[in-house]
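**Q** starting from these lines, generate the structure:
(4 chains)
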Protein chains: 2
Amino acid sequence: MTDELGLRERKKLATRRALCDAALKLALDEGVATLTPERIAEEVHVSPRTFRNYFSSKEEAIVAGLRDRAHEVADNLRGRPVDESIWDSLRAVLLPSVETGMPGHDLMNLLGLIRCHHALLAEHLTGFEDLSRRMAEVIAERTGTDVQRDVYPRLLADASGIALKTSLGLWATGTTGRSLADIFGEALDLLSRGLPIPAPAHSADTGPPLG
Amino acid sequence: MTDELGLRERKKLATRRALCDAALKLALDEGVATLTPERIAEEVHVSPRTFRNYFSSKEEAIVAGLRDRAHEVADNLRGRPVDESIWDSLRAVLLPSVETGMPGHDLMNLLGLIRCHHALLAEHLTGFEDLSRRMAEVIAERTGTDVQRDVYPRLLADASGIALKTSLGLWATGTTGRSLADIFGEALDLLSRGLPIPAPAHSADTGPPLG
DNA sequence: TGGAAAACTTGCTGGTTCGGAAAAAAACCG
DNA sequence: CGGTTTTTTTCCGAACCAGCAAGTTTTCCA
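**A** Model (predicted):
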């Protein structure tokens, strides 16, 4: 149905994607500080003015690839079977949202950049905010709650978004030796069990990184 | 001990506070769009350049009052009795962090501004990020977990921060007729019980706002 | 198909923001 | 007091950003 995109729409999507791909690539290769909108535009063979028609800053372009998925994630959540546990639905929908496209080490490097640059971090966080807002609506539909009056849908949306953000942050430090899926699974599990205080066992219990 | 602040330090703190107070006041009175760093500086009788020595944008100044509390909150959490439930500690520490100083309707208006302005929202969210990072360390100390390797401390810090953010957001819409403390209490309670799906009762069950 | 209408790109441009450098003022210390 | 350190201020150039109108491409409709 939405497959019927006119030439104009397709070209717009193409230049947008080309711009944010170029922005990400250049940021990873040459760093964020020295990167300019002009440089990105040049890479895609459009004018600097056109770049600013699509993005209002280089930071917005760099994280656009990540944050643009907010729409799809909400749609995917809406598409899950209604008899599925909400936690299973969230797990099924959120994890793939960051596993598409980009190689793992690029994602780690990007998260490293984000951690260091205030403007990038700010842009990234508004992406999660966007995601949460959309998810809250779907969760409300699904659970028969009211986004305007009930705490539940907003809180669950925000909390599961946080599970993803926390997992990405911990995974990107590289100090755990675990996979993102593994960490995220544990995070959702902890949340759904009410964040019980972990047993004060030896904290090296997760097993050696093994290299 | 830190009471021994020289005149220099005191004046710096004073101008910083004066600047962010003025920024907030002007933003509430005259709106964010038309507000300029020059206007804020003028209000405090310093040069525009001095304003930029303290804050890198007007948005940073506007939300500085809220975000500067991150330090205290973490310190307060560290100061809670060790035999207290972590949830009780979080409740005791987080709620007062927004209840100090500003009148309630000003806080609601500020949150309204934040919701509408991308740059303000971004700045506000990095404030929560800052808060979470500090709290994660204290939570790790308190629970004998490892910030670098365990999911728990980061997730609990982020989740309780989210509980506050979600509560502020819902409260500021004014559609519930409930107090912030009430909403926040329910949010923490939901989190600590694993976000159970609410019974599909009539959603007007929370009682009439009563005017 | 042809031509009008709409949408996108682009160069230009004025206004704003930002932060470096050095002089001036204020605070500290003996 | 003089000398030293820190902060404030003035000056200023570079970067950023969005509005406008001209030129181009796509779409629409008869």
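
**Q** from now on I want contacts and neighbour counts done on CA atoms only, so please keep to that.
**A** OK.

**Q** before we move on, which element is A:D106 in?
**A** Element membership for A:D106 (DSSP states H and E) is helix A:104-116.

**Q** now do that helix, average pLDDT.
**A** For helix A:104-116, mean pLDDT is 92.

**Q** ok, stretch A:45-52 next?
**A** Stretch A:45-52 comes out with an average pLDDT of 95.

**Q** and stretch A:67-80, by the same measure?
**A** 92.

**Q** how about residues contacting it?
**A** A:89-90, A:93-94, A:97, A:124, A:127-128, A:130-131, A:134-135, A:138, A:142 (C-alpha atoms under 8 Å, 6 or more residues apart in numbering or on different chains).

**Q** circling back: the helix holding A:D106 and DNA strand C in contact?
**A** No - applying C-alpha under 7 Å from any atom of the strand, one finds helix A:104-116 separated from DNA strand C by no less than 14.5 Å.

**Q** and that helix, what other elements does it pack with?
**A** Counting by 3 or more C-alpha pairs under 8 Å, 6 or more residues apart in numbering or on different chains; DSSP states H and E, the packing neighbours recorded for helix A:104-116 are helix A:7-30, helix A:118-143, helix A:151-173.

**Q** of the ones you listed, which is nearest chain B?
**A** Smallest distance to chain B across the helices and strands packed on helix A:104-116 (C-alpha to the nearest C-alpha): 4.7 Å, for helix A:118-143.

**Q** just want the angle from that closest one to helix A:151-173.
**A** Note on geometry: by axes from the mean of the first three to the mean of the last three C-alpha atoms, to 10 degrees, helix A:118-143 and helix A:151-173 are set 140 degrees apart in direction.

**Q** tell me the buried residues in helix A:118-143?
**A** Across helix A:118-143, burial judged by 16 or more other C-alpha atoms under 10 Å in any protein chain shown covers A:119-140, A:142-143.

**Q** next: stretch A:71-87.
**A** A:73-74, A:76-78, A:80, A:86-87.

**Q** what's the pLDDT at A:L210?
**A** 38.

**Q** ok and the residue in chain A nearest chain B?
**A** Distances between chain A and chain B by C-alpha to the nearest C-alpha are smallest at A:G194, namely 3.6 Å.

**Q** output the below-cut-off pLDDT ranges for chain A.
**A** A:1-5, A:7, A:200-211 (pLDDT under 70).

**Q** which bits of it sit near DNA strand C?
**A** Residues of chain A found near DNA strand C (C-alpha under 7 Å from any atom of the strand) are A:8-9, A:11-12, A:15, A:45-50, A:53.

**Q** between those, which is nearest A:F184?
**A** Minimum distance to A:F184 across the residues of chain A next to DNA strand C is 32.9 Å, recorded for A:T15 (C-alpha to C-alpha).

**Q** excluding its backbone neighbours, what's nearest the closest one?
**A** Ranked by C-alpha to C-alpha, 6 or more residues apart in numbering or on different chains and with sequence neighbours excluded, the top spatial neighbour of A:T15 is A:V44, at 7.8 Å.

**Q** again with A:L191
**A** Leaving out its chain neighbours, the residue that sits closest to A:L191 by C-alpha to C-alpha, 6+ apart is B:G194, at 5.7 Å.

**Q** what about the one you found, which SS state?
**A** coil (DSSP: H, G, I helix; E, B strand; the rest coil).

**Q** check A:P81 too.
**A** Secondary structure assignment for A:P81 (three-state DSSP): coil.

**Q** what sits up against stretch A:118-129?
**A** For stretch A:118-129, contacts defined as C-alpha under 8 Å, 6+ apart pick out A:59-60, A:62-63, A:66-68, A:70, A:113-115, A:158, A:161, B:118, B:121-123, B:125-126.

**Q** not counting its neighbours along the chain, what's nearest the most centrally placed residue in chain A?
**A** Per C-alpha atoms, centre = their mean, the C-alpha nearest to the average position across chain A is that of A:L66, at 4.8 Å. Using C-alpha to C-alpha, 6+ apart and skipping the chain neighbours, the partner closest in space to A:L66 is A:V98 (7.1 Å).

**Q** now do the same contact list for the closest residue to A:G169 other than its chain neighbours.
**A** Sequence neighbours aside, A:L111 is the residue nearest to A:G169 in space, at 7.4 Å (criterion: C-alpha to C-alpha, 6+ apart). Neighbour list for A:L111: A:168-169, A:172 [criterion: C-alpha under 8 Å, 6+ apart].

**Q** most neighbours of all the residues you listed, which one?
**A** The most crowded member of the contacts of A:L111, judged by other C-alpha atoms under 10 Å in any protein chain shown, is A:A172 (21 neighbours).

**Q** give me the distance between the residue nearest to that residue when sequence neighbours are not counted and DNA strand C.
**A** Once flanking residues are discounted, A:A172 sits nearest to A:M108: 5.0 Å by C-alpha to C-alpha, 6+ apart. Look at A:M108 and DNA strand C: by C-alpha to the nearest atom of the strand, to the nearest Å, they are 26 Å apart.

**Q** over to A:G79?
**A** Going from A:G79 to DNA strand C by C-alpha to the nearest atom of the strand gives 29 Å.

**Q** I'd like to know how far that residue sits from B:G169.
**A** 27 Å (C-alpha to C-alpha, to the nearest Å).

**Q** just A:L90 next, same as before
**A** In terms of C-alpha to C-alpha, A:L90 sits 22 Å off from B:G169.
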